[in-house]
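In: how would this look folded up:
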Amino acid sequence: MAADSEPESEVFEITDFTTASEWERFISKVEEVLNDWKLIGNSLGKPLEKGIFTSGTWEEKSDEISFADFKFSVTHHYLVQDSTDKEGKDEVLEDVIPQSMQDLLCMNNDFPPRAHCLVRWYGLREFVVIAPAANHDAVLSESKCNLLLSSVSIALGNTGCQVPLFVQIHHKWRRMYVGECQGHGVRTDFEMVHLRKVPNQYTHLSGLLDIFKSKIGCPLTPLPPVSIAIRFTYVLQDWQQYFWPQQPPDIDALVGGEVGGLEFGKLPFGACEDPISELHLATTWPHLTEGIIVDNDVYSDLDPIQAPHWSVRVRKAENPQCLLGDFVTEFFKICRRKESTDEILGRSTFEEEGREIADITHALSKLTEPAPVPIHKLSVSNMVHSAKKKIRKHRGVEESPLNNDVLNTILLFLFPDAASEKPLDGSSSTDNNNPVSESEGYNLYNQFKSAPSDSLTYKLALCLCMINFYHGGLKGVAHLWQEFVLEMRFRWENNFLIPGLASGPPDLRCCLLHQKLQMLNCCIERKKARDEGRKTNTSDMYPGDAGRAGDQLGPDNLKDMDKEKGEVGKSWDSWSDSEEEFFECLSDTEELKGNGQESSKKGGPKEMTSLKPEGRLYQHGKLTLLHNGEPLYIPVTQEPAPMTEDLLEEQSEVLAKLGTSAEGAHLRARMQSACLLSDMESFKAANPGCFLEDFVRWYSPRDYIEEEVIDEKGNMVLKGELSARMKIPSNMWVEAWETAKPIPARRQRRLFDDTREAEKVLHYLAVQKPADLARHLLPCVIHAAVLKVKEEENLENISSVKKIIKQIITHSSKVLHFPNPEDKKLEEIIHQITNVEAIIARARSLKAKFGTEKCEQEEEKEDLERFVSCLLEQPEVLVVGAGRGHAGRIIHKLFVNAHRLTESSDEAAAMAPPEEELKRMGSPEERRQNSVSDFPPPAGRELILRTTVPRPAPYSRALPQRMYSVLTKEDFRLAGAFSSDTSFF
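Out: Now for the predicted structure:
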């Protein structure tokens, strides 16, 4: 019993054959994708136009499926075409073969220059590829390949899809595909052979015809004719007979203001190497039939000169070294450096010995001592210049990053006024009106936030660029910047205006460094005018008697005198050197001011009118003072303080921090009313006995409202009053008017302390690291690079480059207009500029090789220039007239020279003019025999064989057959599409 029970205890596994296997799931997923993409049924398109594979638009859709845990990507490639009539699509034509089979025989698009490899090999307009999703995955075993091919065949049969379906097998670099296309009773198998070494019998046409015929296996004895298309590609690599026209920069040349063969302020341009590495000539025989030509291992009729079609493409050198691109890139690299100027040049250079250190450290304390000390002897400028001497003494001439010749040349370029004994006056601090200033290129600084192209900042950027590239690198940049800062301080101390800067307040459209230099120039202008005014005042009278001088003059003379002061009032010509100077000697006037202030509060009685007017500019039209009828005079006022964008940001931050409370708003208004208070004091001094209403009528006419009213006598009179906002209690205008004293502008506390602001600017310049400096000046460098590219493009007139330059300007204006742009975006701009430079260099290279300038006939010259521009913009260009056209003859000469150069060891013979070689050739037959040797062996041989035969039986339907072959030095490939009848076999 125990023995009998043992079999019953065993567990039997039951296999459920109704569940889907992984293979069936995979086939189902393929069918699902084909259905989703609506690739079901027969959809016939219109015949393919010539060249549509290159000029048309290709699109693709992708999806991902998996076979068990192995992932595949499914991609649908198709040429976008106008949709045909839907009615024609709905009619199912069983006798019509699929569209892809018809495309196998189409000859309009053989050898497309730019297309998917399957398009080139089979001439298909639409196909689906199933390939391993990961790049490192591959289908290597034969069984897996057959399994996938079976899956494809079943999916096509189940869905009725007539689009060819390919499977990629082996490693991806081999580009091996097998596939299938099914129609009603027909099928096409796509097969492929890929070898590293080609058997000798397959290197020529006769051997390939044998393969094609044997593969077809046509049962008919008179085999239908085979149509043949052949293309041989010849590669020209040796350009030695044509020197690259770009002259390398001479780094040692450094005389007469030239560095690297370039004048200062001019950027280099061009490629250092030939940007065209190869020229590919494709000679094509598009329509041949078997028996017309002979091509075997002994003899060949395929003469490239006799080929009916020539087409040329150029291979561009990858990332050619371009001078302008390198120039800007090297400067951009400074932005990533973190060293300070002191660290780069060495801190020891600033260390002085004991006594001299003591002198400098006690300098500021001596400045504050009450004893009268001559300011000019202990000025910061003299201290800096003594430090400069010590720097040179420590470092030595031979150790300086920049030698004196280079440095002096640069400084003379930056500061042309230094060449004369006396620096230029302020009137010539800006350059003469340049006609370029109206052009689009000049105004780029608005968009790039850089600086005008004739400004000092712009020139400084170019000089630093040149120093960084040709002389001293980062150390040279630090050295030049140090000298520049010393020059700025020297000019401030000695009242010499900085050349190359527009007068007026800082231009907020420019970079911050340019604004700082403009601010320094404003300080120098005001200091210079103040010092000159003090000299004239002290030579005539004491500063304190300036007001009394006005007492002795009549109103007209006083008006003229104030006009003179007003004309240069903007330069602060008549103001004293410091506040202490005039406050000490005007004690009697202070009492008058106090009395005047008290009386003004009371309403302006006689005491106020007893004050003598001061600081009048000119009389205002017809306005008179409301209470005493005296003419209203416009006073000389202080200009508001100029500000750079960083100061404006600081001020706005401070005002924002005050908050929104009433107290904060009041304090904010007080801080913003300094200029208003100054103008009120000037107005009171110029118009004794005036009231707030008088001031408002001049300063803010809209706040004084006049209305016609009827007086007691019934007459119409004008009656005026302050606006509603001026009557608000605790109004800031009323408070300021009550606080204001009658003080003329020249005796007021300065709104703009030029001494303090100048020292702030000089300190700002001194602490700038080379990286900070490069960040400030990079917009100027990019601005200069764009102008250089535009200038060079105008000489070549390349339409595609014009579009790219517009894109660069648009992109740059977006990136550079905001502070601290990202490095990645800046690199993109520099890369775009380098690309344009390379395109222009390629155009020049091709023009030099094809000799466009040497053409005597205008028509031939235009044709050649058009041909060269097409070579730059199109993947492949047809040569008009093939080998017999003008361009064809030039290409032939290029190959003749290159071929003779490789065969001949005599360089002189190799460099002989090619015209003599062509003249030496006699009859056309001799020329034909010699021309074969003019060309090297073809680098690539491509053949397409086509025919239509019944297969596999004589009574089968006649279907298209095609085989493509390509042979190169390291590669041999056969791609065949063989159709067969599945109904009658």
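In: for the residue nearest to Glu693 when sequence neighbours are not counted, helix, strand, or coil?
Out: Leaving aside its chain neighbours, Glu693 sits nearest to Leu626 (5.6 Å; criterion: Cβ to Cβ, 6 or more residues apart in numbering). Bear in mind the C-beta positions are built from the backbone N, C-alpha and C, glycine included. At Leu626, secondary structure determined by DSSP: H, G, I helix; E, B strand; the rest coil is coil.
In: what's near enough to touch Leu626?
Out: Residues counted as contacts of Leu626 (Cβ atoms under 8 Å, 6 or more residues apart in numbering) are Phe691, Glu693, Asp694, Gly720.
In: distance of it relative to Trp737?
Out: Distance, Leu626 to Trp737, using Cβ to Cβ, to the nearest Å: 14 Å.
In: again, but for Leu165
Out: 91 Å.
In: the two: who's more crowded?
Out: Neighbours were tallied for Leu165 and for Trp737 using other Cβ atoms under 10 Å; the higher tally belongs to Leu165 (25 against 22).
In: list the residues that contact that one.
Out: Phe127, Val128, Ile130, Val152, Ala155, Leu156, Gly179, Glu180, Cys181.
In: can you get me a residue count around the residue nearest to Ile293 when sequence neighbours are not counted?
Out: For Ile293, ignoring the flanking residues on the chain, the nearest one in space by Cβ to Cβ, 6+ apart is Asp301 at 4.3 Å. For Asp301, the count of nearby residues is 12 (other Cβ under 10 Å).
In: distance check, Asp301 against Met107.
Out: Where Met107 is concerned, Asp301 sits at a distance of 20 Å (Cβ to Cβ).
In: and if you look at Lys802?
Out: Distance from Lys802 to Met107, by Cβ to Cβ: 38 Å.
In: same question, Pro308
Out: From Pro308 to Met107 the distance is 13 Å (Cβ to Cβ).
In: overlap of the contact sets of these two?
Out: Pro286.
In: quick one: buried ones out of the contacts of Leu626?
Out: Using 16 or more other Cβ atoms under 10 Å as the burial test, the contacts of Leu626 include Phe691, Glu693, Asp694 as buried.
In: tell me the contacts of the last one?
Out: Contacts for Asp694 (Cβ under 8 Å, 6+ apart) come out as Leu625, Leu626, Leu632, Phe683, Asn687.
In: go again using 6 Å as the cut-off
Out: By Cβ atoms under 6 Å, 6 or more residues apart in numbering, Asp694 lies in contact with Leu625, Leu626.
In: element containing it, please.
Out: For Asp694, the host element (DSSP states H and E) is helix 692-699.
In: check which helix or strand the residue nearest the centre of the chain maps to.
Out: The C-alpha lying nearest the average C-alpha coordinate of the chain belongs to Ile829 (Cα atoms, centre = their mean; 2.9 Å). Per DSSP H and E, Ile829 falls inside helix 823-850.
In: okay, buried residues for that helix please.
Out: Under 16+ other Cβ under 10 Å, the buried positions of helix 823-850 are 826, 829-830, 832-850.
In: for it, packing partners?
Out: Judged by 3 or more Cβ pairs under 6 Å, 6 or more residues apart in numbering; DSSP states H and E, helix 823-850 is in contact with helix 323-334, helix 770-796, helix 799-816, helix 858-873.
In: give me the angle between it and helix 770-796.
Out: Relative orientation of helix 823-850 versus helix 770-796 (axes from the mean of the first three to the mean of the last three Cα atoms, to 10 degrees): 30 degrees.
In: tell me how far helix 823-850 lies from the chain's centre.
Out: 11 Å (Cα atoms, centre = their mean, to the nearest Å).
In: report the rounded mean pLDDT for it.
Out: Averaging pLDDT along helix 823-850 gives 88.
In: let me see the mean pLDDT of the helix holding Asp694.
Out: pLDDT averaged over helix 692-699 gives 81.
In: repeat for stretch 37-57
Out: 85.
In: for that stretch, measure first residue to last.
Out: 18 Å (Cα to Cα, to the nearest Å).
In: list of residues touching it?
Out: 76, 79-81, 89, 99, 106, 108-109, 112-115, 119, 159-163.
In: show me which residues of that stretch are buried.
Out: Under the neighbour-count criterion of 16+ other Cβ under 10 Å, stretch 37-57 has Trp37, Leu39, Asn42, Ser43, Leu44, Leu48, Ile52, Phe53, Thr54, Gly56 buried.
In: next, give me the two most distant ones among these.
Out: Asn42 and Thr54 (27.2 Å; Cβ to Cβ).
In: alright, calling it a day.
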